[in-house]
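Trainee: make a model of this:
(2 chains)
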Amino acid sequence: ETGVTQTPRHLVMGMTNKKSLKCEQHLGHNAMYWYKQSAKKPLELMFVYSLEERVENNSVPSRFSPECPNSSHLFLHLHTLQPEDSALYLCASSQDGATSGNTIYFGEGSWLTVV
Amino acid sequence: AQSVTQLDSQVPVFEEAPVELRCNYSSSVSVYLFWYVQYPNQGLQLLLKYLSGSTLVKGINGFEAEFNKSQTSFHLRKPSVHISDTAEYFCAVSEPGGYQKVTFGTGTKLQVIP
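Mentor: Residues are numbered from 1 along each chain as shown, chains lettered A, B, ... in the order given. You can find the predicted model right below:
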């Protein structure tokens, strides 16, 4: 079983739909992340949860809504998206602590296409 | 604020030839440096990282990188590439303290030519 699993791997949705991306980590980590990967752009950090509390929200539009019910699960709820939101969404986890430098473990990503 | 620059968006190289992927960073404090690799249709995985100590860091799959503080660089090298090394490589930097916050470069696509 891989360390970080994401479902679905591919999602096509209309601009008026509501859908969710799911992420589960099996590594015992206490921090989880959502990143957006678009062509020819750096990875964009969207949300960070540490000990199940959101600690970072990089000015992400409200049409993206994260949820972290426990340290192993992370969701990204999507509603009224725009075509420019089409991208690869990567979930990741790490063992956070007083110092950084810990390795981030990524899932395989969810390809999102907004039509 | 920290930033990472990967000047080469694509690097073609023949199989068994050496390769260097360049990475430069800027930061006002000491940093941790990483190289991640992304194979087609997969997420990113760690190749190697520099936290402190020896400036030459060895990673998986025969890759190594050298931290050069004066040039603010962390270039990735491999003496002989294989077809299976075809992937996209991301340099990243984080600053010590607090929760994890990593800044990634735009990536370099390594194309190994048979």
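
Trainee: what's the weakest-modelled helix or strand in the chain?
Mentor: Since no chain was named, I'll use chain A. Sorted by mean pLDDT, DSSP states H and E, the helices and strands of chain A end with strand A:53-57, the least confident at a mean of 79.

Trainee: ah, I was thinking of chain B
Mentor: Lowest by mean pLDDT, DSSP H and E among the helices and strands of chain B is strand B:102-104, with a mean of 88.

Trainee: now the next helix or strand along the chain from that one: buried residues?
Mentor: Next along the chain after strand B:102-104, taking DSSP states H and E as the criterion, comes strand B:108-113. Buried residues in strand B:108-113, defined by neighbour count with 16 or more other Cβ atoms under 10 Å in any protein chain shown: B:108, B:110, B:112. C-beta here means a position set from N, CA and C on the backbone, and glycine is covered the same way.

Trainee: so which of the residues you listed comes closest to chain A?
Mentor: Ranked by distance to chain A (Cβ to the nearest Cβ), these are led by residue B:108 at 11.9 Å.

Trainee: how far away is the residue in chain A positioned nearest to chain B from residue A:33?
Mentor: Here the residue of chain A nearest chain B is residue A:106; by Cβ to the nearest Cβ that distance is 3.5 Å. According to Cβ to Cβ, to the nearest Å, residue A:106 and residue A:33 sit 9 Å apart.

Trainee: shared neighbours of these two, which are they?
Mentor: A:91-92 (Cβ atoms under 8 Å, 6 or more residues apart in numbering or on different chains).

Trainee: that's a strand at residue B:61, yeah?
Mentor: No. Going by DSSP: H, G, I helix; E, B strand; the rest coil, the assignment for residue B:61 is helix, not a strand.

Trainee: that one: what's it in contact with?
Mentor: Neighbour list for residue B:61: B:47, B:78, B:85 [criterion: Cβ under 8 Å, 6+ apart].

Trainee: which of the residues you listed fall in strands?
Mentor: The members of those that map onto strands under DSSP state E are B:47, B:78.

Trainee: of all the contacts of residue B:61, which comes closest to residue B:91?
Mentor: If you rank those by distance to residue B:91 using Cβ to Cβ, residue B:47 comes first, at 9.9 Å.

Trainee: count of neighbours near that closest one?
Mentor: Neighbour count for residue B:47, taken as other Cβ atoms under 10 Å in any protein chain shown: 22.

Trainee: right, and it touches residue B:89 too?
Mentor: Yes. Using Cβ atoms under 8 Å, residue B:47 is in contact with residue B:89, at 7.4 Å.

Trainee: ok, back up a step: ok, the least confident helix or strand of chain B near chain A or not?
Mentor: Yes. Legend: contact between strand B:102-104 and chain A by Cβ under 8 Å from any Cβ of the partner chain is shown at B:102-104.

Trainee: now those in a markdown table, with neighbour count?
Mentor: Formatted as a markdown table, those follow (neighbours: other Cβ atoms under 10 Å in any protein chain shown):
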| residue | neighbour count |
| --- | --- |
| B:102 | 24 |
| B:103 | 20 |
| B:104 | 23 |
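
Trainee: the residue in chain B that chain A sits nearest to and residue B:104: what is the separation?
Mentor: Residue of chain B nearest chain A, by Cβ to the nearest Cβ: residue B:43 (3.5 Å). Residue B:43 sits 13 Å away from residue B:104, taking Cβ to Cβ as the criterion.
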